[in-house]
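S.K.: Requesting a structural model of the entry that follows:
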Amino acid sequence: MFGRRAGIGAAEYVSGLGGNLPTVPQSAIDAAVAAALAPFEVADGENPYTLHQELQQTMNDLVGIIRKAEEIEQALERLAGYKQRAVRVSVEGHRRFNPGWHLALDLRNMIAVSECVAKAALMRQESRGGHTRDDYPTMDAQWRLQNLICRISPDETGLGSITVVSQPSPTIRPDLLELFEVDELSKYLTPAELPATTGGTN
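M.R.: As a prediction, this is how the structure comes out:
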C-alpha cells in the first residue's frame, strides 16, 4: 500500500516538473561511483560482516524497545566508531552479485538510521508505543505535539553527520478525531486538543 502511494507521489512530482527536470553534475556522478567502488580499493580493511554484527548487537543491547539515557549514550559512542570503521571496509571478488559488497554499501545507511534512532530516542523523554524510556516511564502528552526530524549533512567520514530537530506535529483532522472515543484519546492528546472530539463515536 505504501509502496503504491510512494510510486504515485513520485510520478505526480515528476509529471508536475514539466520540462524543468533536475540535472546532476557529472562530478557528483563520478564521486558517487568512486564511493561505491571504494571497498574494492581498500586492502586488508574491515570485514563488513563483522561490523554489521557489532552494529546489530549494539542496537539490540543498548537501544532496544526499553531504553535509558546512559545506554543510548553508550550506543552513540560506539556508532561514532562504526562510522570511522565503515569507510575502511574492504571486499574481495568482483561486482557481479557480491553480497559482501552489497553489505558494505548498505552499512552506510544502516549506521545513519541507527544514529537517527538513538539520537531521537535520547531526546524523547517519555514512553510511547514501541519507544519505552526506562528513566521516563510515563507518557507525556506534550511530546505528541512534536515530531523529531533527522537531517544528514556532509562530514569528514563521508557518511554524514546526523542532527535531530523538533518541529510541531500536524494537527489531527476533526473528522478523524470523531472516529474515536474521547476517553481513549485523552490518554494520548493534550487537553487543548480534546474539545474537538466531543460527541465522537467509536
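
S.K.: Every contact and neighbour count from this point should use C-alpha atoms.
M.R.: Will do.

S.K.: And the strands in this structure?
M.R.: Here the chain has its strands, by DSSP state E, at 66-67, 132-133, 146-153, 161-168.

S.K.: Pick the most deeply packed of those strands.
M.R.: Among those, strand 132-133 has the highest mean neighbour count (mean count of other C-alpha atoms under 10 Å), at a mean of 22.

S.K.: Contacts for that one next, please.
M.R.: I65, I66, R67, K68, A69, Q125, E126, S127 (C-alpha atoms under 8 Å, 6 or more residues apart in numbering).

S.K.: Need the per-residue pLDDT for the first one.
M.R.: At I65 the predicted local confidence, pLDDT, stands at 90.

S.K.: Contact partners for it?
M.R.: In this structure, I65 makes contact with G130, H131, T132, judged by C-alpha under 8 Å, 6+ apart.

S.K.: if we go to 10 Å?
M.R.: M59, S127, G129, G130, H131, T132, R133, D134 (C-alpha atoms under 10 Å, 6 or more residues apart in numbering).

S.K.: Which of those residues are buried? Put it as a ChimeraX command.
M.R.: What follows is the ChimeraX syntax for the buried subset of the contacts of I65, where burial is set by 16 or more other C-alpha atoms under 10 Å:
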select :59,127,131,132,133
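
S.K.: possible to save the contacts of I65 as JSON lines with distance to L107 and pLDDT?
M.R.: Output for those, formatted as JSON lines (distance: C-alpha to C-alpha, whole Å; pLDDT from 0 to 100):
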{"residue": "M59", "distance to L107": "14", "pLDDT": "97"}
{"residue": "S127", "distance to L107": "29", "pLDDT": "94"}
{"residue": "G129", "distance to L107": "27", "pLDDT": "84"}
{"residue": "G130", "distance to L107": "24", "pLDDT": "86"}
{"residue": "H131", "distance to L107": "24", "pLDDT": "91"}
{"residue": "T132", "distance to L107": "26", "pLDDT": "94"}
{"residue": "R133", "distance to L107": "27", "pLDDT": "95"}
{"residue": "D134", "distance to L107": "29", "pLDDT": "95"}
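
S.K.: quick one: low-confidence parts of the chain?
M.R.: 195-202 (pLDDT under 70).
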